[in-house]
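K.L.:
here is a sequence together with a model predicted from it:
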Amino acid sequence: MGDITPDLRQNIIVTIYLLFSHNYIAIAYFTGLVISIILAIYRPSRFTTFCFLGFAILLFSYEYDKHIIVGLREQTIKSLITVTPHFKLQRMLDLVISDLFPVLFYVAGWAFLFLAIVYAAGRMHKGNK
């Protein structure tokens, strides 16, 4: 590492910082997903399954919002509307793909995590009686 010039070292640090600041939510969801997988392997339960599903859906939701929406919307519109314009269908596709799906994925992911917490609390409450 002694051969790296100061400007290159600074550029590497800035790149790592920008990479993290741009993807910190995905990194957090991925970390939760990995921890859930490890827990599911060592101590399989409904709690770990709900956590796994929650973090997997949240990670997919994040990537869907960032990268998938535009391509999926364009591909779907091009394959369904070929010659004659169908503005009502196009608006409905935009609404479902761009507005409805992101909210559903986000809510479903957090719902699974909420279910995991409620399930774990219920098990703890039964164990204390």
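P.N.:
Looks like it arrived, so ask away. Residues are numbered from 1 along each chain as shown.
K.L.:
and the helices in this structure?
P.N.:
Remark: helices assigned in the chain by DSSP state H are 6-42, 46-63, 69-80, 87-94, 101-128.
K.L.:
can you say which of those is packed in most?
P.N.:
Each of the helices of the chain was scored by mean neighbour count; the highest is helix 46-63, a mean of 20, by mean count of other CB atoms under 10 Å. From N, CA and C alone the C-beta is placed, and that goes for glycine too.
K.L.:
how close does L95 sit to A26?
P.N.:
Separation of L95 from A26 (CB to CB, to the nearest Å): 26 Å.
K.L.:
what of T49?
P.N.:
T49 sits 22 Å away from A26, going by CB to CB.
K.L.:
cool, and I12?
P.N.:
In terms of CB to CB, I12 sits 21 Å off from A26.
K.L.:
let's have the helices of the chain in JSON lines, adding mean pLDDT.
P.N.:
JSON lines is the format used below for the helices of the chain (pLDDT from 0 to 100):
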{"stretch": "helix 6-42", "mean pLDDT": "94"}
{"stretch": "helix 46-63", "mean pLDDT": "96"}
{"stretch": "helix 69-80", "mean pLDDT": "91"}
{"stretch": "helix 87-94", "mean pLDDT": "90"}
{"stretch": "helix 101-128", "mean pLDDT": "91"}
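K.L.:
for T49, which non-adjacent residue is closest in space?
P.N.:
Spatially, and ignoring its direct neighbours in sequence, T49 is nearest to A40 (6.5 Å; CB to CB, 6 or more residues apart in numbering).
K.L.:
contact partners for that neighbour?
P.N.:
Each residue near A40 by CB atoms under 8 Å, 6 or more residues apart in numbering is listed here: 48-49, 51-52.
K.L.:
fine by me, thanks again.
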